[in-house]
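Participant: from the sequence below, what's the structure:
(3 chains)
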Amino acid sequence: MSEAKPFPLNAWYAAAWGHEIKHELSARTVCAKDIVLYRRSDGEVAALEDACWHRLVPLSLGQIVGDDVMCGYHGIRFNSAGRCTFMPAQKTINPSACVRAFAVVERHRMVWVWPGDPALADPAKVPDFHWNDGDEWVGEGGTYYGLKCDYRLIIDNLMDLTHETYVHAGSIGHDAITDTPFDTTHTDRTATVTRWMLGIEPPPFWARQLGKPGLVDRWQIIRFEAPSIVVGDVGVAPVGTGATQGDRSAGVNGAFLAAITPETETTCHYHWNFVRTFRKGDHHLTRAIQVAHVNDGKGLYDEDVVFLQAQQVAIDKNPRQPFYNLNIDAGALWARRLIDRMLAAETEKAYLPSAAE
Amino acid sequence: MSEAKPFPLNAWYAAAWGHEIKHELSARTVCAKDIVLYRRSDGEVAALEDACWHRLVPLSLGQIVGDDVMCGYHGIRFNSAGRCTFMPAQKTINPSACVRAFAVVERHRMVWVWPGDPALADPAKVPDFHWNDGDEWVGEGGTYYGLKCDYRLIIDNLMDLTHETYVHAGSIGHDAITDTPFDTTHTDRTATVTRWMLGIEPPPFWARQLGKPGLVDRWQIIRFEAPSIVVGDVGVAPVGTGATQGDRSAGVNGAFLAAITPETETTCHYHWNFVRTFRKGDHHLTRAIQVAHVNDGKGLYDEDVVFLQAQQVAIDKNPRQPFYNLNIDAGALWARRLIDRMLAAETEKAYLPSAAE
Amino acid sequence: MSEAKPFPLNAWYAAAWGHEIKHELSARTVCAKDIVLYRRSDGEVAALEDACWHRLVPLSLGQIVGDDVMCGYHGIRFNSAGRCTFMPAQKTINPSACVRAFAVVERHRMVWVWPGDPALADPAKVPDFHWNDGDEWVGEGGTYYGLKCDYRLIIDNLMDLTHETYVHAGSIGHDAITDTPFDTTHTDRTATVTRWMLGIEPPPFWARQLGKPGLVDRWQIIRFEAPSIVVGDVGVAPVGTGATQGDRSAGVNGAFLAAITPETETTCHYHWNFVRTFRKGDHHLTRAIQVAHVNDGKGLYDEDVVFLQAQQVAIDKNPRQPFYNLNIDAGALWARRLIDRMLAAETEKAYLPSAAE
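Facilitator: Model (predicted):
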């Protein structure tokens, strides 16, 4: 695990929320590559290597001149394709002077960068994150930058919601999650875990959202898209009102959206959102749900962070110890397998089983 | 020194004061092993590896259920022998699922753990620390957790009290310590330094305790028990009243107790106590002596900490430089020799002389 | 760059300002060597290895006894030549007991130490820093201790003042610096960059100093003396008043003095001064110029520190990436070349080109 990088480079990763990138320089590290992002005057986002060709000074310490980036140290300028357009005190520009430009696409309210070979950067491969679009779903969105764990630990976390029973006992946890069998399916790029809990008492969060007494059918349909997107279609409907057959109209439906981007091998960015299709105009509810997730150490996701970071510390101390797995890990194992296949394809080596298998 | 661990594993180490371990989870690191300690309902102390079999999450982040430990992440439970007793969402428990259980003994008001082979953990080998028992000696006891130095530097410090003359000049230091010869004896597991200073002016601390004017006979009888216990029998009596022949009744007698436990190769826990046989009911005195030793950077032991930690920084910078020794180091050298013998026995190699020889 | 030390050891380095060294112990690290400095009662400065022969405790934690240094741990004493003069509890002093004494010279208001072979320490080789002497030039002087960058990055910075145009745009920067050609000359130990900007508008700082309207001739004559001294003769005079022919009497003349001392491979001490020959009695101006340079993050040099430290972070991340160079780097390249020659001479290897070439 320590020899090879744990993340494929030829993939789209969320680098920022679209609204974060303005006509000014923003630094982000994605897959251990330092990147400076900015929005050109035509509205397109540019992504350059955040290190001047000349002396490695971060370009993000400089400024935008027109649509070029000017290094703050000696004034060298690069256009949004990374080509040098100005060198101080000389008329001839060294034609090899450039910084790397990363392929970048803005979609689903996120800025996606491709840290690997730009020739392979196919915009059609941007992960499905459409829940962020339009007005069918409503949410606020947020980000943990620099979470101190391997991005795959968050994927493990989301692909097995058994942990809700223990980590989130007071809000969305429920013994039924642990007690109910689930199905796991997969494609070349996705793995999906489906769990239906029929005729159960709703947990506190969902009982409040539904606003009706009585037992419910609860669903958790978690979809992973390699290498690092997880979307969880979750909700409850009064028992027997047809949700299992596809009619959720009597119930309440939400989705957690997770775009987890490796920063380094042991840190990551966690772009998340919780969106819903009910009471969409209720801004107080939107805010309340946001605060319920991240709230200065007291939110639902904050509860996960404690475990995720402690797990990373333990892994760092025991680098050779493999993980052992339970039945509940079936979804996470498929996610890891799909990541490993991408890694193997990149290294052109035979398929390397991950420590998780 | 950097290749081999500096501490034997097959030995009893003080992991905590008995009163610190309750029916709740306490994390301690002993000899680089992360351990979770708790007291079972029958009063016995259990000590388990602090990393869940499943995904390495520290068990100390979980909770006690009955007398088992439940991991806070996915609810897996282990009994106090380390055997898994519950796995979420599955009826069959993988029989290989377990965490390591450490041998543990509670004695002399301390919890002792044996980080090495449990089959060798003989309770008869718990170090002699009886001064903490019963009511012959009175003291309060305390601990530095996570002192930033190799535990052997504290042993060096205590085995040569010459340093009192310089480090503790204002309280217990005295030129007589430096000027007076001492004897060093040893057994297979102990080394003892005996120094008698006859007919001297008592230093300020002892003058106050004795409460009588005039010259004194002062003794310092320091006993090391491998690998990491030091007990110093110290006191003064009016000159010529028979202390050297064993009659200390006219004097005042104390003992410093040090159970120094390696946390890592370069950090340690220092469990200490200063006990006495005089004015035992005087709680103000008990408190005053405690404060005199550790007092937010201003106590006697705080003075040592500055030197011990600076010494470790210097060793880290100069890893290959050996220590040079003076005559005053005879006791410390024997202590180091006994530790080295334990280390050599564990590695089944020939006797490796330490850098201290 | 990472294999060989980036600094020659057989050279004089400024370790402190003379006024900082009193009859008390001061610790400094020069070229990765921990040194304790103090002034003897005869006024001479002594420089000893800051690690006791006995157990490596920093001598700077001890105290001065007469003109000797006494270790604070066990009282061992060393004279200013590093010879042991007292050992506790023994009459015979081990003749091999000593700490290293460094060659030291006080000159030009600075204390210079020679971290390499004392036999080679020729006081005649102390760099020319005479601007600090006497009353021809006036300044206050100051120091950054522990700047987090390779000392050579500061030399690069000072040898190419193009950066003023960008980093110091509001004070001394000027497009003319970038637009004007410069000459580079060198000797075995020095490299000099000379730039004359004729008939330009003075930048704000110099306009204020000159106090006369109109265009000026501006000069920047930067002299590097290997391995780590840079002196910049800078100023302006009303255009055509003879400054280019050597008559600066109508203008204002200053000099920045930089004695940059490696602390470790990636940190350094920056002793600097800005001195001038005009309005020498104006203490308010002296203070104002000082504050303009270093002012709690808001001064001219503070602007450089941001770039220098960011550059070091980038180098640490990209250890194998070479620097690329522009025409403006001609002076810095000569400085690097002279340092490399000193390094090559020390290692008795063939001339090793630096990454900068």
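
Participant: which residue ranges of the stretch 1-150 of chain A form strands?
Facilitator: Secondary structure of the stretch 1-150 of chain A by DSSP state E, counting those that start in this stretch: the strands cover A:13-17, A:26-30, A:33-39, A:45-49, A:63-65, A:68-70, A:77-78, A:84-86, A:103-107, A:110-114, A:142-147.

Participant: identify the residues contacting A:D247.
Facilitator: Taking Cβ atoms under 8 Å, 6 or more residues apart in numbering or on different chains as the definition of contact, the neighbours of A:D247 are A:T241. The way it works is simple: take the backbone N, C-alpha and C, and place the C-beta from them, glycine included.

Participant: quick check: which element contains it?
Facilitator: Of the helices and strands defined by DSSP states H and E, none includes A:D247.

Participant: residue of the stretch 101-250 of chain A nearest chain C, please.
Facilitator: In the stretch 101-250 of chain A, the residue that lies nearest chain C is A:P115 (14.8 Å; Cβ to the nearest Cβ).

Participant: now that residue: how far from chain B?
Facilitator: A:P115 sits at a distance of 27 Å from chain B (criterion: Cβ to the nearest Cβ, to the nearest Å).

Participant: OK, contacts around that residue?
Facilitator: Residues near A:P115 by Cβ under 8 Å, 6+ apart: A:L9, A:A11, A:Y13, A:V30, A:C31, A:K33, A:I35, A:F102.

Participant: how about the contacts made by the residue lying closest to it once chain neighbours are set aside?
Facilitator: In this structure, A:P115 finds its nearest non-sequential neighbour in A:C31, 4.2 Å apart by Cβ to Cβ, 6 or more residues apart in numbering or on different chains. Taking Cβ under 8 Å, 6+ apart as the definition of contact, the neighbours of A:C31 are A:K5, A:F7, A:L9, A:Y13, A:P115, A:T261, A:P262.

Participant: reformat these as JSON lines; add pLDDT.
Facilitator: Shown next, in JSON lines, are the contacts of A:C31 (pLDDT from 0 to 100):
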{"residue": "A:K5", "pLDDT": "85"}
{"residue": "A:F7", "pLDDT": "97"}
{"residue": "A:L9", "pLDDT": "97"}
{"residue": "A:Y13", "pLDDT": "98"}
{"residue": "A:P115", "pLDDT": "97"}
{"residue": "A:T261", "pLDDT": "98"}
{"residue": "A:P262", "pLDDT": "98"}
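
Participant: hang on, the earlier thing: pLDDT score for the residue nearest to A:P115?
Facilitator: According to the prediction, A:C31 has pLDDT 97.

Participant: the stretch 151-300 of chain A: strands as residue ranges?
Facilitator: With DSSP E, counting those that start in this stretch, the ranges of strands along the stretch 151-300 of chain A come out as A:183-186, A:190-200, A:216-225, A:229-238, A:252-262, A:268-276.

Participant: for chain B, find the nearest of the ones you listed.
Facilitator: strand A:190-200 (10.0 Å).

Participant: give the partner strands of the closest one in its sheet and their orientations.
Facilitator: strand A:183-186 (antiparallel), strand A:216-225 (antiparallel) (DSSP bridges).

Participant: so for the shortest one, mean pLDDT?
Facilitator: Strand A:183-186 shows a mean pLDDT of 96.

Participant: any idea how far that strand is from the chain center?
Facilitator: Between the mean C-alpha point of strand A:183-186 and the mean C-alpha point of its chain there is a distance of 21 Å (Cα atoms, centre = their mean, to the nearest Å).

Participant: what's the answer for stretch A:74-90, then?
Facilitator: Between the centre of stretch A:74-90 and the centre of its host chain there is 34 Å, according to Cα atoms, centre = their mean.

Participant: may I have that stretch exported as PDB, CA atoms only?
Facilitator: Listed in PDB are the C-alpha atoms of stretch A:74-90, where the atom choice follows Å, rounded to 0.1, in the frame of the first residue of the first chain:
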ATOM      1  CA  HIS A  74       9.900  37.900 -10.800                       C
ATOM      2  CA  GLY A  75       6.800  38.700 -12.900                       C
ATOM      3  CA  ILE A  76       7.000  35.800 -15.300                       C
ATOM      4  CA  ARG A  77       3.500  35.200 -16.800                       C
ATOM      5  CA  PHE A  78       1.800  32.100 -18.100                       C
ATOM      6  CA  ASN A  79      -1.500  31.900 -20.000                       C
ATOM      7  CA  SER A  80      -4.200  29.500 -19.000                       C
ATOM      8  CA  ALA A  81      -2.700  26.900 -21.200                       C
ATOM      9  CA  GLY A  82       0.500  27.100 -19.200                       C
ATOM     10  CA  ARG A  83       2.600  28.800 -21.900                       C
ATOM     11  CA  CYS A  84       5.000  31.600 -20.800                       C
ATOM     12  CA  THR A  85       3.900  34.900 -22.200                       C
ATOM     13  CA  PHE A  86       6.300  37.300 -20.500                       C
ATOM     14  CA  MET A  87       9.800  37.100 -19.100                       C
ATOM     15  CA  PRO A  88      11.300  40.000 -17.200                       C
ATOM     16  CA  ALA A  89      14.300  41.800 -18.800                       C
ATOM     17  CA  GLN A  90      14.400  39.800 -22.000                       C
END
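
Participant: list the buried residues in that stretch.
Facilitator: If you call a residue buried by 16 or more other Cβ atoms under 10 Å in any protein chain shown, then stretch A:74-90 has these buried ones: A:74-80, A:82, A:84-85, A:87-89.

Participant: how far away is the residue nearest to A:A11 when sequence neighbours are not counted from A:R341?
Facilitator: Once its chain neighbours are removed from consideration, A:A11 has its nearest residue in A:P227; the separation is 5.0 Å (Cβ to Cβ, 6+ apart). Applying Cβ to Cβ, to the nearest Å, the value for A:P227 to A:R341 is 10 Å.

Participant: when those two are compared, which one has more neighbours?
Facilitator: Between A:P227 and A:R341, counted using other Cβ atoms under 10 Å in any protein chain shown, A:P227 has the larger neighbour count: 29 against 18.

Participant: just the closest residue of chain A to chain C, please.
Facilitator: Checked against chain C (Cβ to the nearest Cβ), the nearest residue in chain A is A:L56, 4.0 Å away.

Participant: okay, now that residue: neighbour count?
Facilitator: Close neighbours of A:L56, defined as other Cβ under 10 Å, add up to 24.

Participant: need phi/psi at it.
Facilitator: Backbone torsions for A:L56, taken as degrees, to the nearest 10, come to phi 70, psi 0.

Participant: correct me, but A:I64 touches A:Y38?
Facilitator: Yes - A:I64 is in contact with A:Y38 according to Cβ atoms under 8 Å; the separation is 5.9 Å.

Participant: OK, contacts around A:E263?
Facilitator: A:T29, A:V30, A:A32, A:Y145, A:G146, A:H269.

Participant: ok, 7 Å please
Facilitator: A:T29, A:V30, A:G146, A:H269 (Cβ atoms under 7 Å, 6 or more residues apart in numbering or on different chains).

Participant: quickly list what the residue most central in space within chain A is bridged to.
Facilitator: Nearest to the mean C-alpha position of chain A, by Cα atoms, centre = their mean, lies A:A259 at 1.4 Å. The bridge-partner assignment for A:A259, based on DSSP bridges, gives A:I229, A:H271.

Participant: any idea how far A:I229 is from it?
Facilitator: Using Cβ to Cβ, we find A:A259 at a distance of 6 Å from A:I229.

Participant: report how many residues lie close to the one residue in chain A that gets nearest to chain B.
Facilitator: When scored by Cβ to the nearest Cβ, chain A has A:A314 as its residue closest to chain B, at 3.9 Å. Here the neighbour count serves as a burial measure; for A:A314 (other Cβ under 10 Å) it reads 18.
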